[in-house]
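Peer 1: model the structure of this input:
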Amino acid sequence: MQYPVVFCGAGPGDPDLITVKGQRALAEADVVVYAGSLVPQAVLKWTRPGTTLRNSASLHLQDIVSEMAAAYQANKRVVRLHTGDPSLYGAIFEQMAELDRRAIPYSVIPGVTAAFAAAAAMGIEYTLPEVSQTLILTRMAGRTPVPQQEALEALAAHQASMVIYLSISLIDQVAEILASAYGPKAPCALAFRVSQPEEKIRLTRIECLPELAKQEGIDHQALIIVGKVLGVRPEELQHTSKLYASDFSHAFRQAVGSDDP
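Peer 2: Next comes the predicted model:
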């Protein structure tokens, strides 16, 4: 019997933040090809003794696909383990395309991305009523370009909640762009290796962002988070969701004092 290759999101690093379905897939796997530059070894604790573990950090696309194809042809259960959620900067579509060319079936198990683990750690909500109702996940153009209409300047102009991935090496440029859009004194955060033992989450102002990164030695595996929601304290909350408002009716509850059927 041949088993579909499983692309699995490992989550942000804490092995307990992998999904139950992902944990089960690792426990059943014969071969795990994992992104060793990002996936912590701790996540691999869910594999069985004797499982073949292949670090893909030094491999190119054809090597990775060949590893998975050979294991598939040998009737082994293969898990391709990506950090966070594989649909976000996971480069899985090109791997899927190669598997399609070989008529090898596959499935995907989503994972928790670092942006959401960071929000949990900070105790924030990206979409506060009448503060921000939009969350942008993006990256700065570097060696990997971005479409012109998705340039950071264009996205920052919306002043929405925004989490910037894969851009810490360009922190000076990022800070300059964000300062122009949100204002130099707007709140922001650096989130390094969220949920992992080395986690650092630092709140600051945009004008202080580059210096803070240098002081903390944060130059990789970090998110840059910006938005008005970071400046709202619980005691300052002015607007709440209609969902739980006593004067708001919906399909499951009538407003208090309402005579509507």
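Peer 1: could you pull out the strands for the stretch 101-250 of the chain?
Peer 2: Counting by DSSP state E, counting those that start in this stretch, residue ranges of the strands within the stretch 101-250 of the chain are 106-109, 135-139, 161-165, 187-192, 200-205, 222-226.
Peer 1: what is the third one packed up against?
Peer 2: This points to strand 161-165. Using 3 or more Cβ pairs under 8 Å, 6 or more residues apart in numbering; DSSP states H and E as the contact criterion, the elements in contact with strand 161-165 are helix 114-122, strand 135-139, helix 152-156, strand 222-226. Yep, even glycine has a C-beta here, placed from its N, CA and C like the rest.
Peer 1: tell me the most buried of those?
Peer 2: Mean neighbours per residue, mean count of other Cβ atoms under 10 Å, is largest over the helices and strands packed on strand 161-165 for strand 222-226, with a mean of 25.
Peer 1: how's this protein carved up into domains?
Peer 2: Using automatic domain parsing, the domains assigned to the chain come out as 5-109, 114-236.
Peer 1: including mean pLDDT and distance to Ala119, could the strands of the stretch 101-250 of the chain go into JSON lines?
Peer 2: Formatted as JSON lines, those follow (pLDDT from 0 to 100; distance: least, Cβ to Cβ, whole Å):
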{"stretch": "strand 106-109", "mean pLDDT": "98", "distance to Ala119": "22"}
{"stretch": "strand 135-139", "mean pLDDT": "98", "distance to Ala119": "9"}
{"stretch": "strand 161-165", "mean pLDDT": "98", "distance to Ala119": "9"}
{"stretch": "strand 187-192", "mean pLDDT": "98", "distance to Ala119": "9"}
{"stretch": "strand 200-205", "mean pLDDT": "97", "distance to Ala119": "10"}
{"stretch": "strand 222-226", "mean pLDDT": "98", "distance to Ala119": "8"}
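Peer 1: can you name the residues that contact Phe192?
Peer 2: Phe192 makes contact with 198-201, 216, 218, 221-222, according to Cβ atoms under 8 Å, 6 or more residues apart in numbering.
Peer 1: and which of those residues is nearest to Glu67?
Peer 2: Glu67 lies nearest to Gln221 out of these, by Cβ to Cβ, at 24.5 Å.
Peer 1: leaving out the residues flanking it, which one is nearest to the closest one?
Peer 2: Nearest residue to Gln221, sequence neighbours excluded (Cβ to Cβ, 6 or more residues apart in numbering): Arg193, at 5.3 Å.
Peer 1: same question for Thr83.
Peer 2: Excluding the flanking residues, the one nearest Thr83 by Cβ to Cβ, 6+ apart is Leu38, at 3.9 Å.
Peer 1: tell me the contacts of that neighbour?
Peer 2: For Leu38, the contacting residues are 82-83, 221, by Cβ under 8 Å, 6+ apart.
Peer 1: can you tell me which of those residues is closest to Pro15?
Peer 2: Among the contacts of Leu38, and counting by Cβ to Cβ, the member closest to Pro15 is Thr83, at 12.3 Å.
Peer 1: wait, what's in contact with that closest one?
Peer 2: 9-13, 35, 38-39, 90, 111.
Peer 1: most widely separated two among those residues?
Peer 2: So, the contacts of Thr83 by Cβ to Cβ: farthest apart are Gly13 and Gly90, at 15.0 Å.
Peer 1: between these two, which one's more packed in?
Peer 2: Higher neighbour count among Gly13 and Gly90: Gly13, with 25 against 21, using other Cβ atoms under 10 Å.
Peer 1: leaving out sequence neighbours, find the closest residue to the more buried one.
Peer 2: According to Cβ to Cβ, 6+ apart, the nearest residue to Gly13 is Gln196 (3.8 Å).
Peer 1: count of residues packed around that neighbour?
Peer 2: By other Cβ under 10 Å, the residues close to Gln196 number 17.
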